[in-house]
Structure formats: C-alpha cells, structure tokens
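>>> Okay, sequence plus prediction incoming.
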Amino acid sequence: AQSVTQLGSHVSVSEGALVLLRCNYSSSVPPYLFWYVQYPNQGLQLLLKYTSAATLVKGINGFEAEFKKSETSFHLTKPSAHMRDAAEYFCAVSDETGTYKYIFGTGTRLKVLA
Amino acid sequence: GAGVSQSPSNKVTEKGKDVELRCDPISGHTALYWYRQRLGQGLEFLIYFQGNSAPDKSGLPSDRFSAERTGESVSTLTIQRTQQEDSAVYLCASSLGGANEQFFGPGTRLTVL
C-alpha cells in the first residue's frame, strides 16, 4: 500500500535560514507527489507538484522540491525562510488505483524564529 | 474565480444528533473528494466522486457516514448519530479529474459535545 512519511512533526528555523522539510513515500508505480501548505485557519494551498517531468520542481513562494527515486524522497526546501512561511506543510502522494485520491503525510509544522 | 466553498464553517452538535456538511466545488470539476483532519493527525480520505457516482467509499469510517453528489456539483456529507470521535475538520476538494491538482475548500470544523 502507498504511504507517505514526513519526518519531524515540528521544525524550527531562524528567519533567513534554509528550510528543509522531509518527505518519503512508498509506491509501486511512478508517483504523483504534492506539497500543500496550510496557514492558520485557512484551507490547503498547493505549493508544488511532481508529475514525472523534471525531477526538480519549483513552486510558489520560493519553495522547490526534488524527486529522488533512488531514495523515494520528495523533500521540500527554501533557501531563506520568512516569517510568513510559518504554517503546516503536508506532503501527499496520489493514489495509484485510479481514483487519484491523496494519501497524506502527518504534516510538519514550521516555526520561523526572528 | 470562485474556489471550493463549504458550509457551515463551524458546527457544534450534541452527541447522537445528525449533521450535514455541504461542499460546492469549482464549476466544471468532475472529481470531488472528502477528507477528514482530526486534531494532531494528518488528513484521511473519506470518499471520492466522479460525476455523481462514488466509485470509492473506502475511507468512510462507519455506516453512520454517507455522502451524495447531485448535478455533478454540490455534495453533502451526512453523519448520523454523531460521536465525539467524529470531531474534526472536514475538507472537500475538487479537481478536473485524473492527476490534476485538487483544490481544497476551507473546511467545516465539527465539534461533537
């Protein structure tokens, strides 16, 4: 069965520091992978998606993620954190059975320190 | 343009009561999904609609949960005889189908007392 693992339920970084949020997946077929962000009291917003084109995917707000098949990873990075990046981040894989429902990781809450 | 909307935004109910949660997807989106987000947990899939039919109901936690979709548009998630463990944020998402991006609504926060 497909699954997504996000290491670190809480991550703290200083403003201006590198952001690295980890996501590992399991899938028997080439996956579709997504990162969503959830700001406080708001819905989920797509940051970026991997759909088997380029392995380095650029998203909104300066985020990017690299698909590494050998490591079954899709880690999210941003070179320099801003206070406004404080939010919860979810990694998801699209189901391989044809419904394309998402299987989500448990989320990582990012705190940005001034 | 209009995004996915959900109503009510908050619902407080007493244990044992029935509740209905509504989702208005983006116009033209044939695929509609319901997810649940319980406190401190990730999002879990509940049900998937393609058009008005639901080929995947595998995530519904019990027979107290049901959902329908009409006119390839609005969907209603009904929870009968609510229990405290049903307390969660219920999220609806829609897409053009296939591997296209899902657009999420703001959710309905359900609290069962």
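Noted; the coordinates are in hand.

>>> got a list of what A:Ser3 touches?
Counting by Cβ atoms under 8 Å, 6 or more residues apart in numbering or on different chains, A:Ser3 touches A:25-26, A:93, A:103. No exception for glycine: its C-beta is placed from N, CA and C like everyone else's.

>>> Not counting sequence-adjacent ones, nearest residue to the residue nearest to the spatial centre of chain B?
Most central residue of chain B, judged by C-alpha distance to the mean C-alpha position with Cα atoms, centre = their mean, is B:Trp34 at 3.6 Å. Computed as Cβ to Cβ, 6 or more residues apart in numbering or on different chains, the closest residue to B:Trp34 that is not its neighbour in sequence is B:Leu46, at 4.2 Å.

>>> Does that neighbour touch B:Phe65 like I think?
Yes - with contact defined as Cβ atoms under 8 Å, B:Leu46 counts as touching B:Phe65 (7.0 Å).

>>> intersection of neighbour lists for the two?
Joint contacts of B:Leu46 and B:Phe65 (Cβ under 8 Å, 6+ apart) are B:Leu77.

>>> More neighbours: which of those two?
Shown here are B:Leu46 and B:Phe65; by other Cβ atoms under 10 Å in any protein chain shown, B:Leu46 has more neighbours (22 against 18).

>>> burial measure for A:Asp95, as a count.
Neighbours of A:Asp95 (other Cβ under 10 Å): 19.

>>> Count the neighbours of residue 75 for me.
Unless you meant another one, I'm taking chain A. 19.

>>> sorry, should have said chain B
24.

>>> for the one 3 residues further on, same thing?
Here the count is done by other Cβ under 10 Å, and B:Thr78 has 13 residues near it.

>>> Any idea what it is bridged to?
As for beta bridges, B:Thr78 partners with B:Glu20, B:Ser66 under DSSP bridges.

>>> For it, report the pLDDT, please.
We have a pLDDT of 98 for B:Thr78.

>>> Sticking with B:Lys11, tell me its helix or strand.
Under the criterion of DSSP states H and E, B:Lys11 resides in strand B:10-13.

>>> ok, A:Thr99 touching B:Pro55?
Yes - here A:Thr99 lies in contact with B:Pro55, judged by Cβ under 8 Å, at a distance of 6.7 Å.

>>> ok, those two, which is more surrounded?
Neighbour count, other Cβ under 10 Å: between A:Thr99 and B:Pro55, A:Thr99 has more, with 19 against 13.

>>> Show the model's pLDDT score for the more buried one.
For A:Thr99, the model assigns a pLDDT of 88.

>>> Please apply the same query to the one 4 residues further on.
In the prediction, the pLDDT value recorded for A:Ile103 is 93.

>>> Beta-bridge partners for it, please?
Counting by DSSP bridges, A:Ile103 is bridged to A:Val93.

>>> if I pick residue 83, what's in contact with it?
If you meant another chain, say so; for now it's chain A. A:15, A:112, A:114.

>>> Sorry, I should have been clearer: chain B.
With Cβ under 8 Å, 6+ apart, B:Gln83 has these contacts: B:15, B:64, B:112.

>>> what do you get for B:Gly51?
B:Gly51 neighbours (Cβ under 8 Å, 6+ apart): B:30, B:69, B:72.

>>> tally of neighbours for the nearest residue to the first one once chain neighbours are set aside?
Closest residue to B:Thr30 apart from its sequence neighbours, by Cβ to Cβ, 6+ apart: B:Gly97 at 4.9 Å. Using other Cβ under 10 Å, the number of residues around B:Gly97 comes to 14.
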